[in-house]
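Chemist: A structural model of the following input is requested.
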Amino acid sequence: MAQLKTTLEVTVSNAAAMETELAAAIEAVRQAALTERRCGILITRHGAGKYTVGLSEDVPFGLTWERDAG
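Modeler: Numbers count the residues shown, from 1 in each chain. Model prediction:
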């Protein structure tokens, strides 16, 4: 899977923090996606409370996909 440099790691300990932290990461990556205008956002769950949010050439521009790698 092709992955561009813009990837943020998010680690949380509870559901309330997860929603807030993921939303902030998505917004930051969304700004980069708007600049690139060639890829979308992929949110990957790596385990309990561990996520990455990044630009992915596998996701069409304007879309956000989720996957569970754990």
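Chemist: When you work out contacts or count neighbours from here on, use the C-alpha atoms and nothing else.
Modeler: OK.
Chemist: Run a quick neighbour tally on Thr20.
Modeler: Thr20 has 11 neighbours, counted by other CA atoms under 10 Å.
Chemist: May I have the phi/psi pair for it?
Modeler: Phi and psi for Thr20, reported as degrees, to the nearest 10, are phi -70, psi -50.
Chemist: Quick check: closest non-adjacent residue to the residue nearest the centre of the chain.
Modeler: By CA atoms, centre = their mean, the chain has its centre lying nearest to Val53, at 1.9 Å. Spatial nearest neighbour of Val53, excluding adjacent residues (CA to CA, 6 or more residues apart in numbering): Ile43 at 4.5 Å.
Chemist: residue contacts, that neighbour?
Modeler: Tyr51, Thr52, Val53, Gly54, Thr64, Trp65, Glu66, Arg67 (CA atoms under 8 Å, 6 or more residues apart in numbering).
Chemist: Assign the second one to helix, strand or coil.
Modeler: Spelled out, that is Thr52. strand (DSSP: H, G, I helix; E, B strand; the rest coil).
Chemist: what pLDDT does Leu4 get?
Modeler: pLDDT for Leu4: 46.
Chemist: related to what we said a few turns ago, the residue nearest to Val53 pairs with what?
Modeler: Per DSSP bridges, the residues bridged to Ile43 are Val53, Glu66.
Chemist: where exactly do the strands run in this protein?
Modeler: Here the chain has its strands, by DSSP state E, at 3-11, 40-47, 50-56, 64-68.
Chemist: need the ones you listed in TSV with distance to Arg30, can you?
Modeler: TSV is the format used below for the strands of the chain (distance: least, CA to CA, whole Å):
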stretch	distance to Arg30
strand 3-11	10
strand 40-47	7
strand 50-56	8
strand 64-68	9
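Chemist: out of those strands, deepest packed?
Modeler: strand 50-56 (a mean of 23; mean count of other CA atoms under 10 Å).
Chemist: Can you find the helix or strand of the protein with the lowest average pLDDT?
Modeler: Least confident element among the helices and strands of the chain, by mean pLDDT, DSSP states H and E: strand 3-11 (a mean of 78).
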